[in-house]
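Chemist: Below are the sequence and a predicted model; questions follow.
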Amino acid sequence: MNTDIWLYSGLVAGVLSVLAALGAYARVRAYDSGTDRSREIAGWIRSGASTYLRMLYKTLLVVAVVLGIVLSVVFSGIEEKPMHGLLTAGAFGFGALCSALAGWLGMSVAVEANVRTAVACKKGVADGFQVAFKAGTVMGLAMVGVAVFGMCLLYLIWRDVEIVLGFSFGASSLALLAKAGGGIYTKTADIAADLVGKVEVGIPEDDPRNPAVIADNVGDNVGDVAGMGADIFDSYVAASVASMVLGASFAGSIGPQYAILPLALCVIGIVSSFIGLRFVRVGKDGKPGRALNFGTVFSCVIFAALATAFFAAVNAVSGGDPALGLNWGVLLSTLAGLVIGVVMGFTTDFFTNDEHRPVRNVAEISGSGTGLTIITGFSYGLVSIAPAIVGIVAATLASYFCSQAFGLPGIYGVGVAAVGMLSLTGIVVSNDAYGPIVDNAKGIAEMSEMSHEVVERADTLDSAGNTAKAITKGFSISAAALTVLAMFAAYSEVISKYSGGGSFILNLQDPLVLSGTLLGCIVPAVFSALTMLAVTKNAFVMIGEIRRQFKAKPGILAGTELPDYTACVGIASSGALRALALPAALAVLLPLAVGFLLGPGALGGFLAGSIFTGVVFALLMSNAGGLWDNAKKYVEAGNCGGPGSEAHKAAVVGDTVGDPFKDTAGPSLNTLITVMSLVSSLFAPLIARFHPF
Amino acid sequence: MEKHIYVSLMPEALVMSQLGPEEFGTYYSVGPERKTQGQAAFFEIDPGFRDPFFPIDQALALCAPHKDGSPKRSVYCAVYRVVEHVPVSALGKLYLVTKDGRTLGVDRAPSIPDDPSGLHLYHEIAPLHPLVVSTLGPRAFHSFFMGDTKKNIGVPALCWVECKLGELATNPEMGDVRDLPYENIDHLRSCLVQLKTKNVVTKIVERLNPSTFAYRTIKNGIFYGSGKELAMFPLPPVEALKNAHYQWWRSANM
């Protein structure tokens, strides 16, 4: 059968998805933005976010131009593909542009929706939810739309998955900058605002007298909307491209349709998300968390049904010819990834939700001192790795053996399992982007002195947003893990292909492989340290600025003078982007150094080491950080002594430690391992020629 | 400019100021350049009040605008033995100021309710400030310390707050702590248990207690006893605070 129709469907689905996002954007903007005061505060946040995005995109432009030139020069040396360098560089730039476009759209609507959500909360929880979630869907739909459109377009034109690999590398490069930069930004502002505002001066959260309050609210957007969005965009594209690379490398034995199947699955995912989004509504019980979870699970069911129907239809059209039809084993692998992805997202919830023992235990033990808070939270973080890793193992084995049992290469099954897991990206990102919007809405309600009923409604929305964020983190780490496993297999296939077709096997008894593995193990640790040190360094500078303002302008606390919000926004923006240079360079240069100096075997070991420790570190830090955060919130809700108690003081310290864990280093590791895997796969042809094995 | 006389409770002092209560509260808690900082509570007292112990007129004379026309923020008239020389009849409104300078005015209750049953936790604010538990309700507690001047332990005047004990008031052994922010809760429990097992009506929980306390722990209000007179300044209910004084309530809940 002509599989081009799948690609054209991808183009149409992509365009429709972006149009739907733009429609939702317009509807969000039509909501009431409230009083002059609320508009003024929202304007400061919008301006701060724009400042940061402009600086981020300028940095990205420089990175894209430099890397684009490197790619075009380096890959022009491949004899059989004289245009490969230029095309890869072009695809790289296009990938970065698409990711930036989705991020920009998501951020733009988030900073418009925050104030409108706050105003809508005057009517009720359901009204506020509707505005915030609609705005979240802009990010979700724009992201999947742009990604699928970009991948389908490139493949339609060039029919070369290695060009699409360049697209993925572009998306990953932006993701690394956006996620790590956003993470550094948001925690710099958050920690500095809390340490001076709350601890030293005694002013509450989201108080307009705090000079860092706007930077803090901007940080929610740049970290959780632009950053997390770029991170999932990266995983989404990388998972699809890794499966395409695997499908293309096995095309001779299993049929060419499997190289494009991941894109068809993405289209089904878009349709499922479209349908699922329609059913996300707060019921009479007024519980937004239930509405978000229902949408995710419902989309999952829709995807399973549509994917099954798609396989059946293709097989019916192909008349049972295995060379033209689709193997049912692939469907089982896809569904295995989908189900385990959703289950793992909710597993994260167990460790970070205050309805369960881990958070409550940490809160209770905090009454006995900070040391115990840290030890207990860290220990639960370590324990939380186990079910997630078991889930990844289950997804890997299930997808591998499902495909193999039906006569397909098992590793291809792993690839499509990652695609299956990420097929619901549209709705998952919508849920995730909802979080910072309602967080900002609560802040704006407080700052513009709306009534306590409005603040409490916004708080109800915010609680659901926190849970959604935690679930998204678990989901994105698991998806990234499975993606890089597929990417790792893709790397091996490319090395085999360009080394003369021999089977590329990693042998741990080979000292080069072992050395590479050990070197890979240290990268996530060093990367985490660099990003967290950047947070403490920038926070130190910002703390100095906040103290200076309070001292220089006594009227700030009295409420007669306005703080200089832009100073803190500037510190957070420039500090975050400056601090990115070294970690970003490590992510790109280290795999190349290992590959060219020690060979493809060492690079394979390097990737394995970084993937294993990266996933462990990411899970530990994200879950421990989320746990400490919610333990503090649990105490603040009037448990274990409540605000001002010894338990609260210890829990605040735990939360401060956990902040860069969960929002800076932890989630950035997904992107790190994806970028390193992509760099390796992209440069694999050159490394294989440089070091034939 | 109008001159005000304030009785500060944290620390105990008699202060003259040209600032109104709200401005004075902010100034008093956060200072002109954040050189001072902290929770504050004070009464505004009758401007006609005079007592030979205090050189009030002398202090009022010093309480004049600065050369640039700005109001005089504070002139200290006395920094100890203030409460014992200010009778209940001189008291105006009580002002509770948060660490970040939000001020709430509290009116005096027209009458003091009968003592409830159960155990009580009293945080003495001025002139002494230990933390004590007692079987006595506020009225009986006042009589116990200020009714009989011949007793070994007694004070001429005392300002104190009754703090929440939650379930511990009736079940000190097993009651749930919930949102009680007190340090060393096991010691507090043990002191409460001793009230039941030993023949005592009061027991000191903390000798070296700071005079500051969390406003959210106020059970019913702040009491001011002077000789035989007792006044109560009830904190409005939480819902009323949220509706009418939300910013103060937020800061007080820190």
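Modeler: Structure received. Numbers count the residues shown, from 1 in each chain, chains lettered A, B, ... in the order given.

Chemist: Following element in sequence after the helix or strand hosting residue A:514, please.
Modeler: Here residue A:514, judged by DSSP states H and E, is contained in helix A:511-552. For helix A:511-552, the following helix or strand on the C-terminal side (DSSP H and E) is helix A:555-558.

Chemist: Return the set of buried residues in the next helix-or-strand element following that next one.
Modeler: Following helix A:555-558 in sequence order, the next helix or strand is helix A:565-598 (DSSP H and E). The neighbour-count check on helix A:565-598 (16 or more other CB atoms under 10 Å in any protein chain shown) flags A:565-577, A:579-580, A:583-584, A:586-588, A:590-592, A:594-595, A:598 as buried. All C-beta spots, glycine's among them, are computed from the backbone N, C-alpha and C.

Chemist: Tell me which other helices or strands helix A:565-598 touches.
Modeler: Helix A:565-598 is packed against helix A:36-74, helix A:161-192, helix A:213-221, helix A:511-552, helix A:600-636, helix A:666-690, with contacts defined by 3 or more CB pairs under 8 Å, 6 or more residues apart in numbering or on different chains; DSSP states H and E.

Chemist: could you check the angle helix A:161-192 makes with the helix holding residue A:514?
Modeler: 40 degrees (axes from the mean of the first three to the mean of the last three CA atoms, to 10 degrees).

Chemist: Is helix A:511-552 in proximity to chain B?
Modeler: Yes: using CB under 8 Å from any CB of the partner chain, we find that helix A:511-552 touches chain B at A:550-551.

Chemist: quick one: that helix to chain centroid distance?
Modeler: Distance of helix A:511-552 from its chain centroid, counting by CA atoms, centre = their mean, to the nearest Å, is 19 Å.

Chemist: other SSEs contacting that helix?
Modeler: Helix A:511-552 packs on helix A:161-192, helix A:555-558, helix A:565-598, helix A:600-636, helix A:646-660, helix A:666-690, going by 3+ CB pairs under 8 Å, 6+ apart.

Chemist: Dump those into JSON lines; add mean pLDDT as well.
Modeler: Compiled in JSON lines, these are given as follows (pLDDT from 0 to 100):
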{"stretch": "helix A:161-192", "mean pLDDT": "93"}
{"stretch": "helix A:555-558", "mean pLDDT": "88"}
{"stretch": "helix A:565-598", "mean pLDDT": "94"}
{"stretch": "helix A:600-636", "mean pLDDT": "94"}
{"stretch": "helix A:646-660", "mean pLDDT": "95"}
{"stretch": "helix A:666-690", "mean pLDDT": "90"}
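
Chemist: Please work out which of the ones you listed is packed deepest.
Modeler: Greatest average neighbour count among those goes to helix A:161-192 (a mean of 30), per mean count of other CB atoms under 10 Å in any protein chain shown.

Chemist: Work out the gap between that helix and the centre of the chain.
Modeler: Distance, centroid of helix A:161-192 to centroid of chain: 9 Å (CA atoms, centre = their mean).

Chemist: can you check stretch B:157-164 too?
Modeler: Averaging C-alpha positions (CA atoms, centre = their mean) puts stretch B:157-164 6 Å from its chain's average.

Chemist: One more: stretch A:69-86?
Modeler: 31 Å.

Chemist: quick one: average pLDDT of that stretch?
Modeler: Here stretch A:69-86 scores 79 as its mean pLDDT.

Chemist: mind listing what's buried in it?
Modeler: A:71-72, A:74-76, A:78, A:81, A:84-85.

Chemist: And the helices and strands packed on helix A:565-598: which comes nearest residue A:16?
Modeler: For the helices and strands packed on helix A:565-598, proximity to residue A:16 was assessed by CB to CB; helix A:161-192 is nearest, at 20.3 Å.

Chemist: relative to helix A:600-636, how tilted is the closest one?
Modeler: Using the same axes, to 10 degrees: helix A:161-192 against helix A:600-636 is 30 degrees.

Chemist: now the angle from helix A:161-192 to helix A:646-660?
Modeler: Going by the same axes, to 10 degrees, helix A:161-192 makes 150 degrees with helix A:646-660.

Chemist: Helix A:36-74 and helix A:161-192, what's the angle between them?
Modeler: 140 degrees.

Chemist: for the stretch 151-300 of chain A, which spans come out with low pLDDT?
Modeler: Within the stretch 151-300 of chain A, no range satisfies pLDDT under 70.

Chemist: In it, which residue sits nearest chain B?
Modeler: The stretch 151-300 of chain A approaches chain B most closely through residue A:202 (3.2 Å), counting by CB to the nearest CB.

Chemist: need the contact list for that residue.
Modeler: B:37, B:98-100, B:251, B:254 (CB atoms under 8 Å, 6 or more residues apart in numbering or on different chains).

Chemist: just the helices in the stretch 301-450 of chain A please.
Modeler: A:328-352, A:357-365, A:370-405, A:410-422, A:425-447 (DSSP state H, counting those that start in this stretch).

Chemist: Let me have the buried residues of stretch A:69-86 in TSV, extended by distance to residue A:508.
Modeler: As requested, the buried residues of stretch A:69-86 are exported to TSV (distance: CB to CB, whole Å):
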residue	distance to residue A:508
A:71	32
A:72	37
A:74	30
A:75	31
A:76	36
A:78	31
A:81	34
A:84	33
A:85	35
